[in-house]
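# Sequence plus the predicted model coming up.
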2 protein chains.
Amino acid sequence: MARQAVSLKALAAHLGLTVSTVSRALNGYSDISAKTRERVARAADELGYRPNQNARRLSIGAPETIGYLMPRFSGSEAQPFVAQLIQGLGEAVTKRQWDLLVSHAASASDELAQIDRLVRSGRVGGLVISRPLKNDPRINLLRDLKCPFVVHGRTASSGGYAWYDVDGVEAFAAAVNHLVSLGHSRIAFIGTTLQHTFAQDRLNGFEQAVADSGLTLDRELIQITDFSDDGGEVAAGQLLELVDPPTAMVCVSDMVALGALSAIRRKGLRPGIDVSVLGYDGLKIGEHSNPPLTTMAQPQSQAGRRLGDMLLAIIDGDDPKKHQELQRAQLVRRNTDGPPCSVPHENHVSVREEQQ
Amino acid sequence: MARQAVSLKALAAHLGLTVSTVSRALNGYSDISAKTRERVARAADELGYRPNQNARRLSIGAPETIGYLMPRFSGSEAQPFVAQLIQGLGEAVTKRQWDLLVSHAASASDELAQIDRLVRSGRVGGLVISRPLKNDPRINLLRDLKCPFVVHGRTASSGGYAWYDVDGVEAFAAAVNHLVSLGHSRIAFIGTTLQHTFAQDRLNGFEQAVADSGLTLDRELIQITDFSDDGGEVAAGQLLELVDPPTAMVCVSDMVALGALSAIRRKGLRPGIDVSVLGYDGLKIGEHSNPPLTTMAQPQSQAGRRLGDMLLAIIDGDDPKKHQELQRAQLVRRNTDGPPCSVPHENHVSVREEQQ
DNA sequence: TTGCGCTCCGAAACCGGTTTCGGTTAGCCT
DNA sequence: AGGCTAACCGAAACCGGTTTCGGAGCGCAA
């Protein structure tokens, strides 16, 4: 029914009051009589008055909006965690009637330019960034701009800013320890390029646990590959060609692990029996792989909410350093982990094949 | 280096000009000498001037922002297509330096209130909505508000507004025809609640193709269930308990199909051999299921871009009715489709067991 | 030289809110 | 009755841009 754009002026005219009075009435100022406040509120409701946010925010001097910088994806496949994160951020900001602005940049330098524009033009009062590099230029920029921000993940020097992360070091140490306790001693790691902190952390956890277990760290058993199922398949294929192949593989993500499963099956081996595989993420989809994937599950669903709440608190003046949250991943055993095969390597008749 | 917030006034003072001159210079008005324009542009660049968007948009009278209403998820799992869509929308708006605002509502009525607020408060100049119901109140509301919008999917009466959709009727007819050509005659359908148009379309395509193939439409073979893997598992379980169970199942989505695979395996049957299963979506993840899932793949990646471009065109004045795009899904054969088992039903010794 | 038109820029209104400041009225006290 | 305070509301400045309008300065023709 109500048509477009009922302005404050129109509302005031309708009430026989001035705009200033109506504005103060709606915003609960005490120098407006309760009766008037009530009357104004009712009229505003009936006419469906919605204050123009551009005007309001200009006047207020605050954008009442936070931004999320979508990570760029290697493949065309957007990562499912992004949708979850955005949903969580949305919930957090909606509680305050703020807005969530999602921004996507084509390249890393574009991204820096975007950040600059976003904050300098007053469009956002704070930013959430994902997947930081070990040394991330975005963070320096945001500091220079004095723009509140929170990081989903950490940089190498995790101090001085707010972040929410899952402890990849611990998770991968736990994964290794689990495999060791099953009896494995040749354990491989399939990771991805180490610019991203998460990739380095997971490798660190792996190496640390291997060392702590008294195993020798065999460089052959560490594969760095593309962050995708295809990458996992290639890397696992390489590992299986080794003269002394691993009996278990821990993978930097579930997608990578799924690729590894393919390679293992292709080789005529049975994942979980001949070769154990551990993933990381806890994707629901892992329940349906062949066989169902054992994984270190991280508590995804709350990340967005927490990051949103943290950022809002910081914008309100909280000390960023007070908002650093480290979550733990949890082992979810399905069917790709088991003791090492008692008759190892018998299948590797073709080991000496030429590797182009 | 450049500190926060260089205002137009500051820039003008620095140049010894007035704000109006500087503004017109930056916006390329012809009544400013080329020399001045150049001088202003250089200074703006050096000082890192970014016009305050709240002020600009207030003055302009246009929000230069489009909104996306995130669909609410049944489970806690956000659907992967959402991230892709958002990315595509982001690319489309970034070309124009517009913004993308993502909004999330807790309930259907909240969502209507959100829409009202979003457009009446001048925060968005257009909206994208996903997953319409057969009769979707959001569309009526948007019409009343005279707010440009595009729909990802369609309502029952697909006329009068702009949409982008994949032809579910045709896709499911094709799925059935494929199975029929393999020799199947008892084909089941696992769908989800029919309020959503896409669910109804897919069922329609199924029924139509079944009829066209001269098969009798057995109501027992149509299962309506939860839109998730668990739903698929339950429904497939029911189907397998039938006295005369189906030899093939077409599923409303890949996730549902994955659940069906579980049920089939649990029953001791071999998907793709004893029972064929077809999914819908073309999720990459289906390559890793057990066995890899045959599916009708829809062209996901471009949806966001197209919807964004369409909406921008409509905001520019295009007739919405001119922007209706129907894409086709494509059969991707993996390993869950095959001819019906030559020795059917032999496994069904336990058919007469009590059902809960 | 005067007048006309053109080029270029400044003054000011405006977008729609918020907020400060000041003024009117009523009530209360002495 | 006069004066003081408190309660309540209106006028106007302001946020930072855009845009209309008008005027100054100049060149050129009459």
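Arrived safely.
# what about A:Arg96, how many residues close to it?
11 (other C-beta atoms under 10 Å in any protein chain shown). C-beta coordinates here come from the backbone N, C-alpha and C atoms, glycine included.
# Now it: closest residue in space, sequence neighbours ignored.
Nearest residue to A:Arg96, sequence neighbours excluded (C-beta to C-beta, 6 or more residues apart in numbering or on different chains): A:Leu312, at 6.7 Å.
# For the stretch 251-356 of chain A, which segments are assigned as helices?
A:254-266, A:303-315 (DSSP state H, counting those that start in this stretch).
# And for the stretch 101-250 of chain A?
For the stretch 101-250 of chain A, the helices defined by DSSP H, counting those that start in this stretch occupy A:108-120, A:137-144, A:168-182, A:197-212, A:229-240.
# okay if I get these as TSV plus mean neighbour count, distance to DNA strand C and mean pLDDT?
Converted to TSV, these look like this (neighbours: other C-beta atoms under 10 Å in any protein chain shown; distance: least, C-beta to the nearest atom of the strand, whole Å; pLDDT from 0 to 100):
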stretch	mean neighbour count	distance to DNA strand C	mean pLDDT
helix A:108-120	18	20	95
helix A:137-144	16	26	96
helix A:168-182	21	44	98
helix A:197-212	20	40	98
helix A:229-240	23	51	97
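# okay, those in JSON lines with distance to chain B next?
Shown next, in JSON lines, are those (distance: least, C-beta to the nearest C-beta, whole Å):
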{"stretch": "helix A:108-120", "distance to chain B": "4"}
{"stretch": "helix A:137-144", "distance to chain B": "8"}
{"stretch": "helix A:168-182", "distance to chain B": "20"}
{"stretch": "helix A:197-212", "distance to chain B": "18"}
{"stretch": "helix A:229-240", "distance to chain B": "7"}
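# Put together JSON lines for those helices, with distance to DNA strand D on each row.
Listed next are the helices of the stretch 101-250 of chain A as JSON lines, based on distance: least, C-beta to the nearest atom of the strand, whole Å:
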{"stretch": "helix A:108-120", "distance to DNA strand D": "9"}
{"stretch": "helix A:137-144", "distance to DNA strand D": "19"}
{"stretch": "helix A:168-182", "distance to DNA strand D": "42"}
{"stretch": "helix A:197-212", "distance to DNA strand D": "36"}
{"stretch": "helix A:229-240", "distance to DNA strand D": "46"}
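# Can you tell me which of the helices of the stretch 251-356 of chain A is packed in deepest?
Among those, helix A:254-266 has the highest mean neighbour count (mean count of other C-beta atoms under 10 Å in any protein chain shown), at a mean of 25.
# isn't A:Gly191 right up against A:Phe198?
No. Judged on C-beta atoms under 8 Å, A:Gly191 makes no contact with A:Phe198 at a distance of 9.7 Å.
# So what's the model's average confidence on the host helix or strand of A:Ser20?
Here A:Ser20, judged by DSSP states H and E, is contained in helix A:19-26. Taken as a whole, helix A:19-26 carries a mean pLDDT of 94.
# check whether it contacts chain B.
No. For a cut-off given as C-beta under 8 Å from any C-beta of the partner chain, helix A:19-26 has no contacts with chain B; the smallest distance is 13.3 Å.
# Can you read off the pLDDT for A:Glu77?
At A:Glu77, pLDDT is 60.
# The residue nearest to A:Ala263 when sequence neighbours are not counted and A:Asp230, how far apart?
Closest residue in space to A:Ala263, ignoring its immediate chain neighbours: A:Ala236 at 3.8 Å, by C-beta to C-beta, 6+ apart. Taking C-beta to C-beta, to the nearest Å as the measure, A:Ala236 falls 11 Å from A:Asp230.
# cool, A:Gly286 as well?
17 Å.
# Next: A:Thr197.
23 Å.
# A:Thr36 against A:Thr18, yeah?
No. The pair A:Thr36 / A:Thr18 is not scored as a contact, 11.6 Å apart, by C-beta under 8 Å.
# Please name the nearest non-neighbouring residue to A:Met70.
Closest residue in space to A:Met70, ignoring its immediate chain neighbours: A:His104 at 4.6 Å, by C-beta to C-beta, 6+ apart.
# Just the C-alpha atoms of the helix holding A:Ser20, please, in CSV.
Only the C-alpha atoms of helix A:19-26 are listed here, as CSV (Å, rounded to 0.1, in the frame of the first residue of the first chain):
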residue,chain,number,x,y,z
VAL,A,19,11.4,17.7,11.2
SER,A,20,13.7,18.2,14.1
THR,A,21,11.0,17.4,16.6
VAL,A,22,10.0,14.3,14.7
SER,A,23,13.6,13.2,14.4
ARG,A,24,14.3,13.6,18.1
ALA,A,25,11.0,11.8,18.9
LEU,A,26,11.9,8.8,16.8
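# is DNA strand C contacted by it?
Yes. Helix A:19-26 reaches DNA strand C (C-beta under 7 Å from any atom of the strand) through A:19-20, A:23-24, A:26.
# residues from the stretch 1-150 of chain A in reach of DNA strand D?
Residues of the stretch 1-150 of chain A lying near DNA strand D by C-beta under 7 Å from any atom of the strand: A:16-21, A:24-25, A:31-36, A:55, A:58-59, A:61.
# All set, thanks.
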